[in-house]
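# With the sequence up front, the predicted model follows.
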Amino acid sequence: MTREELKAAFDEQCPVVHGGITYQRISALISRRNPGAPRPVLQVELADRNGNSVTIAAPDRIERSGSNAEI
């Protein structure tokens, strides 16, 4: 997903898919700066179905889910 698509999915709190698993929503967009790196790296925090844990993922491996019915 692009930054714009990620922001829209984050704002809409819609389900997303990562690695074949449907997550409830994007709970955070994280910008990290690694020492010596020219630019910050964007990472996405995904809330699981139960809201008990999160997964940190690369934005290019996330897709918007078809509907809330999958959750």
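Here it is on my side, so go on.
# use CA for all of it now, contacts and neighbours both
Will do.
# so D60 sits in a helix?
Yes - under DSSP: H, G, I helix; E, B strand; the rest coil, D60 sits within a helix.
# pLDDT weak spots in this structure?
The chain contains residues with pLDDT under 70 at 67-71.
# mind listing the helices in it by residue range?
3-12 (DSSP state H).
# which residues touch the spatially closest residue to A58 that is not a sequence neighbour?
Using C-alpha to C-alpha, 6 or more residues apart in numbering and skipping residues adjacent in sequence, the residue nearest A58 is Q43, 5.3 Å away. Residues in contact with Q43 (C-alpha atoms under 8 Å, 6 or more residues apart in numbering) are L29, I30, S31, R32, I56, A57, A58, P59.
# among the residues you listed, which ones are buried?
The neighbour-count test (16 or more other C-alpha atoms under 10 Å) marks L29, A57, P59 as buried among the contacts of Q43.
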